[in-house]
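Participant: coords please:
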Amino acid sequence: MNSNISRPRSTGRVTLADVATAAGVSPITVSRALRGERAVDIALVTRVQAAVNKLGYVPDPAARALASRHSSHVAVLIPLLSNALFVDLLEAAQRTLRKAGYQTLMAVTHYDMSEEEHLLREQLLHRPAGLLVTGLERSEATRQLIAQSGVPCVHLMEAGGKPGIYSVGFSQFDASTEMTRHLLQKNRKRIAFAAAQLDPRTMQRLDGYRSEMRKAGLYDQRLEWLNPAPSSIALGGQMFEQIISQQPPVDGIFFCNDDLAQGALLAALRLKIKVPQKVAIAGFNDLTGSDHMLPPLTTVRTPRGEIGTAAAGMLIKLMKKESVMPPDVDVGYELVVRGST
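Facilitator: Below you'll find the model as predicted:
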């Protein structure tokens with residue numbers, strides 16, 4: 001092997017041409033072999049792969065996208081990585097996309113619409129093949145960016161979008177009304193709603209709670225405990241101590257996320273407050289550990305893995321310009337009743 005192959009160019013980056021020279025084939029044969037085209041003889045594929053391994057060649061996705069006018073990556077915008085909800089969703093989507101030959105390029109928006117717009121502009125510079133974005137609510141500027149980019153886009157975690165919007169999720173409102181109804185059926189009358197983060201999906205759950213409490217003639221705005229801080233076990237414990245001291249006393253608390261409810265159950269143990277005898281506690285999302293709390297937590301199980309898989313599958317069809325019907329998929333949810341209510 002000559003020195004130009006082992007140390008190509010001043011950058012030291014191994015190129016497709018270097019691989020072709022080492023394998024004794026044309027650059028187009030290398031390209032076809034690496035794409036897995038069946039027309040390339042298996043012996044040539046073996047020679048190309050041996051040269052790739054020897055030289056440490058890594059394909060340049062940006063160069064490939066420019067050459068083919070297509071990209072092999074999908075941009076994924078999620079609110080947080082500290083929430084297991086989005087980790088589960090992302091892992092499921094990534095597995096499905098990788099099987100189809102796509103890589104994911106992730107960005108975290110921190111529930112900030114202006115940050116989402118900024119990140120989307122950055123992602124679009126890399127000419128992604130597709131977009132996965134969380135939720136249906138965003139700034140008008142971001143909506144226009146998505147619409148004008150021409151990049152296929154699927155929205156995650158919510159169902160019921162406008163015509164022309166592709167989405168996979170469930171009704172946050174309906175799930176919340178069902179949980180509130182469950183607490184009412186347990187003869188709870190002063191049910192508090194405790195929420196953190198206050199993102200759009202949390203506010204949809206609040207709307208569901210309000211709707212059901214009003215139907216029962218028991219709605220009281222003083223039972224709403226809304227904190228814009230990030231959701232956490234520690235915050236859940238703090239909110240529980242505040243709520244439990246409220247007069248007249250509450251007999252049920254619906255937390256908008258399981259980590260808050262888990263913190264509340266730990267605080268109840270510490271304060272020797274019996275759950276559910278004195279106060280029922282419910283959560284949302286069925287996060288890891290909820291079934292091992294004392295008592296086990298009643299919650300809404302949200303199918304985030306199924307959402308990630310279905311959304312990625314929908315996006316793959318869109319990227320291949322295949323028909324997608326229906327464009328709006330509601331995967332549903334499950335009320336999981338355990339000992340805390």
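
Participant: quick check: closest non-adjacent residue to residue 210.
Facilitator: The shortest distance from residue 210 to any residue other than its chain neighbours is 6.2 Å, reached at residue 219 (Cβ to Cβ, 6 or more residues apart in numbering). C-beta here means a position set from N, CA and C on the backbone, and glycine is covered the same way.

Participant: what about the one you found, neighbour count?
Facilitator: Using other Cβ atoms under 10 Å, residue 219 has 15 other residues around it.

Participant: so it makes contact with residue 206?
Facilitator: No - the criterion here is Cβ atoms under 8 Å, and residue 219 misses it with residue 206 at 11.6 Å.

Participant: what residues are up against residue 270?
Facilitator: Shown in contact with residue 270 (Cβ atoms under 8 Å, 6 or more residues apart in numbering): no residues.

Participant: mind checking the SS state of it?
Facilitator: Classification of residue 270 by DSSP: H, G, I helix; E, B strand; the rest coil places it in helix.

Participant: likewise for the one 5 residues further on?
Facilitator: Each residue gets one of three states, and residue 275 gets coil by three-state DSSP.

Participant: please tell me how far residue 167 sits from residue 191.
Facilitator: As judged by Cβ to Cβ, to the nearest Å, residue 167 and residue 191 stand 30 Å apart.

Participant: what does residue 298 give?
Facilitator: Residue 298 is 13 Å from residue 191, by Cβ to Cβ.

Participant: tell me the centre residue of this structure?
Facilitator: For the chain, the residue nearest the mean C-alpha position is residue 86 (3.8 Å; Cα atoms, centre = their mean).

Participant: A helix includes that residue, no?
Facilitator: Yes - assessed with three-state DSSP, residue 86 lies in a helix.

Participant: and the residue lying closest to residue 141 once chain neighbours are set aside, which helix or strand is it part of?
Facilitator: Nearest residue to residue 141, sequence neighbours excluded (Cβ to Cβ, 6+ apart): residue 117, at 5.3 Å. Using DSSP states H and E, residue 117 maps to helix 113-125.

Participant: OK, contacts around the residue nearest to the centre of the chain?
Facilitator: Residues near residue 86 by Cβ under 8 Å, 6+ apart: 78, 79, 80, 134, 304.

Participant: just residue 341 next, same as before
Facilitator: Counting by Cβ under 8 Å, 6+ apart, residue 341 touches 182, 183, 186, 252, 276, 280, 281, 282, 298.

Participant: let's see that with 10 Å instead.
Facilitator: Going by Cβ atoms under 10 Å, 6 or more residues apart in numbering, residue 341 touches 179, 182-183, 185-186, 188, 252, 254, 275-276, 279-282, 295, 297-299.

Participant: again, but for residue 115
Facilitator: Neighbour list for residue 115: 77, 79, 107, 108, 109 [criterion: Cβ under 10 Å, 6+ apart].

Participant: dump those residues to JSON lines, plus distance to residue 229.
Facilitator: Formatted as JSON lines, the contacts of residue 115 follow (distance: Cβ to Cβ, whole Å):
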{"residue": "77", "distance to residue 229": "22"}
{"residue": "79", "distance to residue 229": "14"}
{"residue": "107", "distance to residue 229": "23"}
{"residue": "108", "distance to residue 229": "18"}
{"residue": "109", "distance to residue 229": "17"}
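
Participant: of the residues you listed, select the buried ones using a PyMOL command.
Facilitator: Command for PyMOL that selects the buried part of these, burial taken from 16 or more other Cβ atoms under 10 Å:
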select buried, resi 77+79+107+108+109
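
Participant: need the contacts of residue 115 in CSV with secondary structure, can you?
Facilitator: Formatted as CSV, those follow (three-state DSSP):
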residue, secondary structure
77, strand
79, coil
107, strand
108, strand
109, coil
